[in-house]
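In: return a 3D structure for these sequence lines:
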Amino acid sequence: MKKALIITYYWPPAGGSGVQRWLKFVKYFRDFGIEPIIYTVENPNYPIMDDSLFKDIPNEIKILKQPIWEPNNLFAFFGKKKTESAGFLNPNPTFFGKILQYIRANYFIPDARKFWVKPSTKYLKQYLKSNSIDIIITTGPPHSMHLIGLNLKKELNIKWLADFRDPWTEIDYFQQLPLTKKAIKKHHFLEKEVLKNADAVLVVGKTMREKFSKFNNNVVTATNGFDGKISVTSSELDTKFTVTHVGLMNADRNPQMLWEVLSEIVAENKEFAADIELKLIGKTDASVIVAIIKYRLSKNVKVIDYVTHDKVVEFQKKSQVLLLIVNNVPSAKGIITGKIFE
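Out: Numbers count the residues shown, from 1 in each chain. As a prediction, this is how the structure comes out:
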């Protein structure tokens, strides 16, 4: 059986979208003759936790862990306080917040997990010398994981697959970061180094594949998907006309036009006003709440904080309509979220 070492920051008990892709890949690796070994963080600082995902980890899988130092206590825009943005950046930071954003953008490249790169390279270099591994796989973001792969590739010439769940320099929030020209140049340099040196690059969609193919001749698309073993039994629909959005609802996803249209219909049609219920499940930015209040939709919108993935599926089954919103950014056309498949 071939052995693959997967280097990932997100692993249960991490919740949210970042953990799903490789947790599900690993769940079925053995069916394809691949024995997965996981390398992840010992003391992670996950913003969302979901213990229900532990059940998807294969029995007796080897999981390697090493400690990480994360300076996230400095970053107000990571959304750790209720008053802060639910997305990657606080759109209205305080003066101190602006300073922290500048430090984060220009001194922690490619991201705040950069301090895990050197110790991980050292640890895994010794592990790979003592154990037979056929391929290493890095998945980002955080794209610091790819720098670990880059170092191991250069030092040991091991087969390396770099998986991009999201773009690097074209990720939603990249253009919003207060980056200096020097920092932008470094991001692009590191991105190209990863793409040029990886034996293969895995991406989630056609747009990313087309752009990355300029730097690597072996770029393969493996879209996100859904777990076929999750129960597909039907559930009774909600009695009300429910419209459900699952996931982050940050400032860039705030659908002002939707609120405006719903507000007009609710004002004109009392029967519709009594029946419509919009559920926002997941971290919701303060600007979205403000817009809901502005358009007098508070009675029709139910904001539900993060729930476990199995409970999310139940909400989806019972809903009359599922709402999908992507960030209002230039790279939006390349975003193919896992929610589409579910």
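
In: just give the number of residues close to residue 47.
Out: 16 (other CB atoms under 10 Å). For the C-beta atoms, the positions are set from N, CA and C on the backbone; glycine is no exception.

In: surely it and residue 19 touch.
Out: No - assessed by CB atoms under 8 Å, residue 47 is found out of contact with residue 19, at 11.7 Å.

In: so residue 276 touches residue 241, yeah?
Out: Yes - here residue 276 reaches residue 241: they are 5.2 Å apart, a contact under CB under 8 Å.

In: neighbour count winner among those two?
Out: Comparing residue 276 with residue 241 by neighbour count (other CB under 10 Å), the higher total belongs to residue 276, at 20 against 15.

In: quick one, what contacts the more buried one?
Out: Taking CB atoms under 8 Å, 6 or more residues apart in numbering, we find residue 276 in contact with 240, 241, 243, 262, 265, 266, 300.

In: one more time with 10 Å
Out: By CB atoms under 10 Å, 6 or more residues apart in numbering, the residues touching residue 276 are 240-243, 262, 265-266, 269, 297, 299-301, 320.

In: the nearest residue to residue 160 once chain neighbours are set aside - how many residues pack around it?
Out: In space, residue 160 comes closest to residue 153 once its chain neighbours are excluded; the distance is 4.6 Å by CB to CB, 6 or more residues apart in numbering. Residues within reach of residue 153, counting by other CB under 10 Å, total 19.

In: repeat for residue 163
Out: 25.

In: how far away is it from residue 208?
Out: According to CB to CB, to the nearest Å, residue 163 stands 11 Å off from residue 208.

In: returning to what we had before: if any of the contacts of residue 276 are buried, put those into a ChimeraX selection.
Out: The ChimeraX selection below is limited to those of the contacts of residue 276 classed as buried (16 or more other CB atoms under 10 Å):
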select :242,243,262,266,297,300,301
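
In: any idea of the mean pLDDT in stretch 95-114?
Out: Mean pLDDT, stretch 95-114: 88.

In: any idea how far apart the tips of stretch 101-116 sit?
Out: 20 Å (CA to CA, to the nearest Å).

In: how about it: buried residues?
Out: By neighbour count on 16+ other CB under 10 Å, the buried set for stretch 101-116 is 101-102, 104-106, 108-114, 116.

In: figure out how far that stretch is from the centre of its chain.
Out: Distance, stretch centre to chain centre, for stretch 101-116: 17 Å (CA atoms, centre = their mean, to the nearest Å).

In: try stretch 33-42
Out: Using CA atoms, centre = their mean, the offset of stretch 33-42 from its chain centre is 19 Å.

In: surely residue 167 meets residue 201?
Out: No - using CB atoms under 10 Å, residue 167 makes no contact with residue 201, being 11.8 Å away.

In: quick check: neighbours shared by these two?
Out: Listed contacts common to residue 167 and residue 201 are 208, 212; contacts here mean CB under 10 Å, 6+ apart.

In: where does pLDDT dip in the stretch 201-342 of the chain?
Out: Within the stretch 201-342 of the chain, the ranges that satisfy pLDDT under 70 run 230-233, 330-332, 334-335.

In: does residue 194 really touch residue 154, like I thought?
Out: No - taking CB under 10 Å as the definition, residue 194 is not a contact partner of residue 154, at 11.2 Å.

In: adjacent strands (with direction) for the top strand by length along the chain?
Out: For the chain, the longest strand by residue count, based on DSSP state E, is strand 34-41. In the sheet, strand 34-41 lines up against strand 2-7 (parallel), strand 62-66 (parallel) (DSSP bridges).

In: now the contacts of residue 276 as JSON lines including distance to residue 58 and secondary structure?
Out: Converted to JSON lines, those look like this (distance: CB to CB, whole Å; DSSP: H, G, I helix; E, B strand; the rest coil):
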{"residue": "240", "distance to residue 58": "40", "secondary structure": "coil"}
{"residue": "241", "distance to residue 58": "41", "secondary structure": "strand"}
{"residue": "242", "distance to residue 58": "36", "secondary structure": "strand"}
{"residue": "243", "distance to residue 58": "37", "secondary structure": "strand"}
{"residue": "262", "distance to residue 58": "44", "secondary structure": "helix"}
{"residue": "265", "distance to residue 58": "49", "secondary structure": "helix"}
{"residue": "266", "distance to residue 58": "49", "secondary structure": "helix"}
{"residue": "269", "distance to residue 58": "52", "secondary structure": "coil"}
{"residue": "297", "distance to residue 58": "44", "secondary structure": "coil"}
{"residue": "299", "distance to residue 58": "46", "secondary structure": "coil"}
{"residue": "300", "distance to residue 58": "43", "secondary structure": "coil"}
{"residue": "301", "distance to residue 58": "40", "secondary structure": "strand"}
{"residue": "320", "distance to residue 58": "36", "secondary structure": "coil"}
